[in-house]
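# Any chance you can model this:
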Amino acid sequence: MREHPLRRILSSILRGSRDPSSFELAYRHRGAPDDKIVIKLSEVRFVGKGWFLLSDGETQIPFHRILYIKDERSTL
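So this is what the prediction gives:
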C-alpha cells in the first residue's frame, strides 16, 4: 500500500533539513472563526497513517481536515 501524499509531505518537512516553523498548516475546525485553524508545522508532534498529533499530546487531526500547507514562498 502506498504512503498517503500528505503523510509524505509532513514527514519530509519534519524530518528534513527545512525549518518546520517556516511552514503553516490550516485545518477545518468547526466553531473556530471561518471554521479554520492555522498553526505552524512545528506544533505537530507525530504523523500517523491518516492523521497527525499536535504538541499538546491529545489533539489528533485526520488528514481529510487539512485545507493547505504553505511555506514562506508558496502553497504545497
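# Now the helix or strand that Tyr68 is a member of: buried residues?
Element membership for Tyr68, per DSSP states H and E: strand 66-70. Judged by neighbour count (16 or more other CB atoms under 10 Å), strand 66-70 contains these buried residues: 66, 69-70. Glycine gets a C-beta too; all of them are placed from N, C-alpha and C.
# Show me what the worst-scoring helix or strand of the chain on mean pLDDT is packed against.
Taking mean pLDDT, DSSP states H and E as the measure, the chain has helix 5-15 as its least confident helix or strand, at a mean of 94. Other elements packing on helix 5-15 under the criterion 3 or more CB pairs under 8 Å, 6 or more residues apart in numbering; DSSP states H and E are strand 44-47, strand 66-70.
# need those in a markdown table with distance to His4 and mean pLDDT, can you?
Converted to a markdown table, those look like this (distance: least, CB to CB, whole Å; pLDDT from 0 to 100):
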| stretch | distance to His4 | mean pLDDT |
| --- | --- | --- |
| strand 44-47 | 9 | 96 |
| strand 66-70 | 11 | 96 |
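# of all those, which lies closest to Gly31?
Shortest distance between Gly31 and these, using CB to CB, is found for strand 66-70: 15.5 Å.
# Mind giving me the packing neighbours of the closest one?
So strand 66-70, by 3+ CB pairs under 8 Å, 6+ apart, packs with helix 5-15, strand 24-28.
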